[in-house]
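S.K.: Here is the input, now give the coordinates:
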Amino acid sequence: MNKHIITIIIPVYNTEQYLRECLDSIINQTFKDFECICINDCSTDNSSTILEEYAQKDDRFIVVKLQENKGQGNARNEGIKIARGKYITFVDSDDWVTKDYLEVLYNTIEKYNTDFVAANFYLFNNITRDNRKLYINSDIFYDILIQKEEDKKIFLKRINRAQTSTVCADIFNKDFLALHKILFDMVKFEDTLFMWKAFIRSNSFVFIKDWIYYYRINQKNSTMSTFTFDEKLKYYNQMKLVTQKEFKKYLPCFYTYSSLSCAHILESVPLKKSKGMFNMYREMFYDKDYIVDFSYAFFANKIRLFIFMFCLKYNLNYSFFGKFCIKFKHILFFVKKQDSYS
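M.R.: Predicted coordinates:
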């Protein structure tokens with residue numbers, strides 16, 4: 001029998017500077033029926049002391065000490081193993097949430113009876129102290145999305161908004177995760193692969209408009225990871241294998257995502273270095289089944305996809321052409337900005 005309705009899982013590694021703000025935002029929730037599992041992933045700072053302090057004054061806080069640091073994904077998996085809630089949500093220890101975070105997510109998943117619910121979040125710049133809203137397209141809010149041809153557009157719209165990459169601001173039915181054995185399987189890019197599996201294995205999900213999560217960037221000891229292009233290719237390959245094995249109809253969605261993601265990377269690296277990277281991607285993924293979907297791409301991304309596909313076909317270094325995509329994007333932004341003044 002569940003002791004609490006919601007389990008919050010927080011992996012913690014050397015975030016003493018931000019940890020109290022995170023935990024205080026949990027304590028101050030308007031929805032009270034939760035347990036908060038804090039996974040201390042071998043922190044070497046004062047995080048452990050802070051966690052014990054909160055656990056002593058509130059028995060809803062549970063502290064788990066890991067013996068070996070294996071990364072954020074592994075820490076979350078340990079939390080999933082012992083979670084007793086009907087629903088599971090994830091919060092990073094250097095972030096914080098609004099007072100109605102749990103209430104909004106709980107009321108929505110209960111109302112629509114879906115496998116998971118995804119909300120919007122703020123990007124909080126730790127240097128400038130500015131908040132910026134990230135969001136998905138408004139025309140898909142509050143629709144129950146089920147496994148049918150139409151739900152492809154959700155992937156493509158989220159690809160445009162670059163919002164497939166985090167489990168934060170989401171709530172999941174624990175039985176759904178257990179039934180489909182959805183865990184964090186990679187050390188890096190673990191969030192995106194987790195969400196990709198949740199999307200293609202889900203029978204139903206809902207996106208809501210509420211901004212209820214503050215995602216901190218540009219901080220010391222960030223839980224965000226750096227990566228090499230080799231690691232990025234391994235992650236792409238895992239996404240492709242999951243898609244091919246279970247739902248081939250999503251292959252155009254995968255290729256659209258990986259094309260845009262790879263293109264953005266190649267646009268920011270030197271030409272000499274980018275040629276080898278582009279060849280690695282082409283050799284691993286380009287074949288007769290490589291089809292992208294232009295349907296829901298922004299205009300600038302349609303141009304980017306067209307050029308990327310052209311380069312794949314004729315084995316040309318995309319980075320050379322990609323520099324023009326960046327300039328075009330800046331010109332387009334300037335034109336729109338001038339139009340808004342007129």
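
S.K.: Could you pull out the helices in the stretch 201-342 of the chain for me?
M.R.: For the stretch 201-342 of the chain, the helices defined by DSSP state H, counting those that start in this stretch occupy 229-246, 251-266, 271-285, 299-314, 318-341.

S.K.: from the chain's centre, how far out does stretch 249-261 sit?
M.R.: Relative to its chain's centre, stretch 249-261 lies at 16 Å (CA atoms, centre = their mean, to the nearest Å).

S.K.: List the buried residues for that stretch?
M.R.: 250-261 (16 or more other CB atoms under 10 Å). C-beta: built from backbone N, CA, C; applies to glycine.

S.K.: Residue 215: which of the helices of the stretch 201-342 of the chain is closest?
M.R.: Of all these, the one in closest proximity to residue 215, counting by CB to CB, is helix 251-266 (18.9 Å).

S.K.: follow-up on the earlier one: which of the helices of the stretch 201-342 of the chain is buried the deepest?
M.R.: Mean neighbour count (mean count of other CB atoms under 10 Å) peaks for helix 251-266 among these, with a mean of 22.

S.K.: Name the surrounding residues that touch it.
M.R.: 152, 155-156, 159, 164, 229, 232, 236, 239-240, 243-244, 274, 277-278, 281, 285, 289-293, 297, 301, 304-305, 308-309, 318-319, 322, 325 (CB atoms under 8 Å, 6 or more residues apart in numbering).

S.K.: quick revisit: would you list the buried residues of stretch 249-261 in JSON lines and tack on pLDDT?
M.R.: Below are those laid out as JSON lines (pLDDT from 0 to 100):
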{"residue": "250", "pLDDT": "80"}
{"residue": "251", "pLDDT": "86"}
{"residue": "252", "pLDDT": "87"}
{"residue": "253", "pLDDT": "83"}
{"residue": "254", "pLDDT": "87"}
{"residue": "255", "pLDDT": "92"}
{"residue": "256", "pLDDT": "89"}
{"residue": "257", "pLDDT": "86"}
{"residue": "258", "pLDDT": "91"}
{"residue": "259", "pLDDT": "94"}
{"residue": "260", "pLDDT": "90"}
{"residue": "261", "pLDDT": "89"}
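
S.K.: Would you state the helices of the stretch 1-150 of the chain in chain order?
M.R.: Under DSSP H, counting those that start in this stretch, the stretch 1-150 of the chain gives helices at 16-27, 47-57, 72-82, 101-112.

S.K.: Excluding sequence neighbours, find me the nearest residue to residue 229.
M.R.: Using CB to CB, 6 or more residues apart in numbering and skipping residues adjacent in sequence, the residue nearest residue 229 is residue 277, 4.9 Å away.

S.K.: Tell me, please, the helix or strand in the chain that averages the lowest pLDDT.
M.R.: Least confident helix or strand of the chain, by mean pLDDT, DSSP states H and E, is helix 152-161 with a mean of 53.

S.K.: picking that back up, for the buried residues of stretch 249-261, which one is nearest residue 188?
M.R.: Nearest to residue 188 among these: residue 261, at 13.7 Å, using CB to CB.

S.K.: quick one: low-confidence ranges for the stretch 51-200 of the chain?
M.R.: 135-165 (pLDDT under 70).

S.K.: all strands for it, in order.
M.R.: Using DSSP state E, counting those that start in this stretch, the strands of the stretch 51-200 of the chain run over residues 61-65, 87-90, 96-97, 116-125, 131-134, 145-146, 170-173.

S.K.: Alright, that wraps it up for me.
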